[in-house]
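J.: Kindly generate the corresponding structure for this input.
(chains A, B and C)
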Amino acid sequence: MSFKFWNKFFLITAFSFFILTAAFNFTVNPYGLFNHHFFSDFIVIKKHTVSERMQIFYTTIHKDPQNIMMGTSRIGMLSPADVTKYLGGTTSNMAMAGSNIEEQSQYLLYMIKNHSVKNIVWSMDFCSFNPDLPNDGDFTYDRLDSGTYLNRDRKIALMGFQASKNSFLTLYDNFKASDKEKEEYKRVLDDEDGEFQKHMQNTVLTKKEIDDYTAWQIENYPKKFLVVRTFDQPHSIDPNLKKMQTVIDACKKKNINLVIYTSPVSKDFLQLYKDLGLEKTFKYWKKGLADITAYTDFCYLNDITKNPYNFLDATHLHSKYSALLFARIFNDPSVKGPKDFGKYINKK
Amino acid sequence: MLFNSYQFIFIFLPIAFGGYFFLNAKNFFLGSKVWIILSSLFFYSWWNINYLPLIVLSILVNFFISQALMKDPQHKKLFLLAGLGFNIGLLGYFKYMDFFIGNINWTLGTDIPLLHLALPLAISFYTLQQIAYLVDSYGGLVKEKNFLDYTIFVTFFPQLIAGPIVHHKEMMPQFASLKNKFLNFDNIALGLFIFSLGLFKKVVIADTFGMWTNAGYAHAEALNLIEAWVTSLSYTFQLYFDFSGYTDMAIGAALLFNIKLPQNFNSPYKATGLIDFWQRWHMTLTRFITTYIFKPFLKALGKVTFEKAMFATIFTMLIAGIWHGAAWTFVFFGILHGLAITINHYWKKTGIHLPVWAAWFITFNFLNFSFVIFRAENMEIAISMFKSMFGMNGLVLSEKYFAFLNSFENGFFVLGDVYPYIDGNSRTTIAILLAFVLVLVFKNSTAFLREFMSTRASLFYGMFLFLIATSFMSRISEFLYFNF
Amino acid sequence: MTRTEINDIIVNEIKKVLENDTMEINAETVIQDIPEWDSLNNVDLEMTLETECGIDFEVGEFEELKTLSDMIDTVGKKVN
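T.: Residues are numbered from 1 along each chain as shown, chains lettered A, B, ... in the order given. All right, here's what the predicted structure looks like:
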């Protein structure tokens, strides 16, 4: 074999392999990164993701919603339909599980700058303010930098084994699924009529399951989300309050309606704050929030949080209370529920 | 731009390569020189264009000094000192200033603010290379009069970022050779092959070990005995495959342009002594520090004695340690290696020969321990790691394979999950064992190069490495939260 | 100084530092490739040549000399 042939064969194979892979993954689009609708009737189910953040981000920007919900998984369990009910238009739930304020602010600032958002519902979670909670959800500034054409996400979605494998699995899922299943999947995903909420409301956990999940969270949260290095000093959360302030300012400038509330957690979890010596910071946090914004406070001992079985575990409010929570925020008396749930707080 | 990126492999490299040989084929040699310089500067600026002025300044100043030095031999010492001062000053300012200030603050209790300068890319490499060039000019060993040629020598992109550290006198004849200006299919095949091998080493092997390393070092204080050893070994292997893989890619990319870069690794983990190790590991750095630091320093001490030579060795290794990074861990790493080399020399004098396996075992374990210091962010983490390696957090054996030992469980020894913190499984164990086979049994890339032939086997082997490696380049560790 | 004299100085020094009288060294032997040869031995050899022949090597010059005959050539040029 001549060296010339060796080279030719090598280069032609390498380049065609590269191009075919990219074309295949672009077409199947398993992570929903590309805003096209090739075979959109056939490829409906996309369950194979490598990064929830990536998925949420691109789904949201392709939908280009009027309203955004932002926060940790506490708001992730709540229904966008309940927000749409009060604010109209379309709503996307951009909840970033386990995120800190830094990450949430970055995504919000991006949306404020680049998209026509009118309303933002931002759920505040005490853990997100922990200065020692690392920004390790695969957050990358690269994603929010619209200038880089071949950014990390595009590479991940177009090239390589991982993407190809997930494209094949996605194709396989869709071959296997019946039309009815696809229809159902689409409905939950679009959530036009609160399908997500219906779906979540049907989740029934036994008391034992709730107790187990709660115990697990109480044991594990102090290792990461509530790790106390400087968190017990109230002023340690100042930088995060400041980051929040930049979002508030950006909203004001663009005339965006920013609705803020604190997520409810169960009484066991409120007790955990005390046990970890975080009570001072917790109080300072609420006061600090009040100093920069008006908000609806759910994060205290009230009729809902008193009963741990209103939750899925120690921190996630059961989705059936989604409607009630937003009704309290938007002052809607038509949704009935216990009296003491949600206090409107402003600077006074 | 990293070698292991799609932009480099599928866009930059083909364009740089095509342009260079197209211009040469038209006999427009000046154009091809300019082309390769512009490509290299573009490659360099891809990370951060802010560093571009600095490298350009460094090239201009060094070239100017070397010219002055040649034109005015009477004052050449003065020029040399000025040049050394400039280079060391530049490196010192950007790389060591904060370390220096931090230590001043710590010892004197002062509060001088840190500068927080970002380390300009490749400054450690291009500074060394130019120091060597100046010293060689001073000794009359090189005579460069052409500014473009000099710029190529410093910026030639395959070796710009992470070496090998090359000498002017071994590079420039290659660029000047007319034969090298035209496509050479042998070299292209060799280059593609060695590049693919390096890419595979970096992307598939090193990055896999890197995941365990990072997870392990993040929890150094909590690892059980086996997990701690696996973490430290993972880093030892990661370091080698990463660096030697990157060097292979550099050698491969340079070969496409008919340039042969010097060998940088020669199966270092086969070393049976520390002297042996440094003759096999980052060989171009060893060559630099022996020639330009060790020898002049030793000569300056007067008549050479064994003790003086040992002192010079430790001093030189200290410098080599600091060159790797501005932190006490690197200082300590350097001194430790200096001492180990000294012991090795004393041992040689005794004339006692250890069996090869024992010599290898001692050497490898020393390396593995010293790389813990090299990797750890600070000494506390290194110490936690050592403690874990010596079983301070107990020993855990896999429940699946060692269930029969359950009656021996006690406070130190338990059955359970062996790799909870580094997120490993039985594949981790297998990977470590395979890596030992790779570094101890396999030929190194230089041997592959020497024996390379354009056969069907080498074609499929090369393709296999390339396709697997490029498919792994966009791998990310799956990042999914569950109910957090 | 003749080539033979220079040759003898080098060969004797190599044998002395390695404590090995029986080794074969010819004009084409690459000094670096002699088993057991290390950078310290190299400095020894360089210094011996400098003192015995009354010459000076530039920094980096000696490392360029690969074979025995390279060394003899360069030293020969310097002494004469």
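
J.: need the contact list for B:Ile11.
T.: Contacts for B:Ile11 (C-beta atoms under 8 Å, 6 or more residues apart in numbering or on different chains) come out as none. In short, each C-beta sits where N, CA and C put it, glycine included.

J.: Give me the pLDDT value at it.
T.: pLDDT recorded at B:Ile11 is 90.

J.: Please apply the same query to B:Glu478.
T.: Reading off the model, B:Glu478 has pLDDT 54.

J.: count of neighbours near residue 244?
T.: Reading this off chain A. Using other C-beta atoms under 10 Å in any protein chain shown, A:Met244 has 24 neighbouring residues.

J.: Oops, wrong one, chain B.
T.: B:Ser244: 25 neighbours (other C-beta under 10 Å).

J.: Show me what secondary structure element comes after the host helix or strand of it.
T.: According to DSSP states H and E, B:Ser244 maps onto helix B:225-256. Past helix B:225-256, further along toward the C-terminus, the next helix or strand under DSSP H and E is helix B:274-278.

J.: avg pLDDT for the helix holding B:Ser244?
T.: 93.

J.: Pull the CA coordinates from stretch B:147-155 and hand them back as PDB.
T.: What follows is stretch B:147-155, C-alpha atoms only, in PDB (Å, rounded to 0.1, in the frame of the first residue of the first chain):
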ATOM      1  CA  PHE B 147      13.100  38.000  11.800                       C
ATOM      2  CA  LEU B 148      10.400  35.900  10.100                       C
ATOM      3  CA  ASP B 149      12.500  32.700  10.700                       C
ATOM      4  CA  TYR B 150      12.900  33.700  14.300                       C
ATOM      5  CA  THR B 151       9.200  34.200  14.700                       C
ATOM      6  CA  ILE B 152       8.500  30.800  13.200                       C
ATOM      7  CA  PHE B 153      10.900  29.300  15.700                       C
ATOM      8  CA  VAL B 154       9.000  30.700  18.600                       C
ATOM      9  CA  THR B 155       5.400  30.500  17.400                       C
END
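
J.: So what touches it?
T.: Contacts of stretch B:147-155 (C-beta under 8 Å, 6+ apart): B:30, B:33-34, B:36-37, B:40-41, B:44, B:55, B:58-59, B:62-63, B:66, B:126, B:129-130, B:133, B:144, B:160, B:166, B:168, B:171-172, B:175-176.

J.: Would you state the strands of the stretch 101-250 of chain A in chain order?
T.: A:119-124 (DSSP state E, counting those that start in this stretch).

J.: Next, the contact list for the residue in it positioned nearest to chain B, please.
T.: Of all residues in the stretch 101-250 of chain A, the one sitting closest to chain B is A:Gly160 (3.8 Å; C-beta to the nearest C-beta). The contact partners of A:Gly160, by C-beta under 8 Å, 6+ apart, come to A:Thr21, B:Thr470, B:Ser471, B:Phe472, B:Met473, B:Ser474, B:Arg475.

J.: where does it land on pLDDT?
T.: According to the prediction, A:Gly160 has pLDDT 84.

J.: for B:Asn365, same thing?
T.: 95.

J.: For residue 64, the count of nearby residues, please.
T.: Using chain A here. Neighbours around A:Asp64, by other C-beta under 10 Å: 14.

J.: not what I meant, chain C
T.: 16.

J.: my read: it touches B:Lys169, true?
T.: Yes - the criterion here is C-beta atoms under 8 Å, and C:Glu64 meets it with B:Lys169 at 7.3 Å.

J.: and for those two, which residues touch both?
T.: With C-beta under 8 Å, 6+ apart, C:Glu64 and B:Lys169 have common neighbours B:Leu141.

J.: what's the neighbour count on B:Trp347?
T.: Residues near B:Trp347, counting by other C-beta under 10 Å: 16.

J.: can you tell me how far it sits from B:Leu318?
T.: Using C-beta to C-beta, to the nearest Å, B:Trp347 is found at 21 Å from B:Leu318.

J.: what's the answer for A:Gln55, then?
T.: 51 Å.

J.: Where does pLDDT dip in the chain?
T.: Just so you know, I chose chain A. A:136-137, A:146-149, A:190-199, A:348 (pLDDT under 70).

J.: that's the wrong chain, I meant chain B
T.: Ranges of chain B meeting pLDDT under 70: B:476-484.

J.: OK, now which residue of it is nearest to chain C?
T.: Across chain B, the shortest distance to chain C (C-beta to the nearest C-beta) belongs to B:Gly139, at 2.7 Å.

J.: To which secondary structure element is residue 9 assigned?
T.: Let's take chain A. Using DSSP H and E, A:Phe9 falls in helix A:3-28.

J.: should've been chain C
T.: Here C:Ile9 sits within helix C:3-18, counting by DSSP H and E.

J.: so when I look at B:Gly411, I'm seeing a strand, right?
T.: No - applying DSSP: H, G, I helix; E, B strand; the rest coil, one finds B:Gly411 to be coil, outside a strand.
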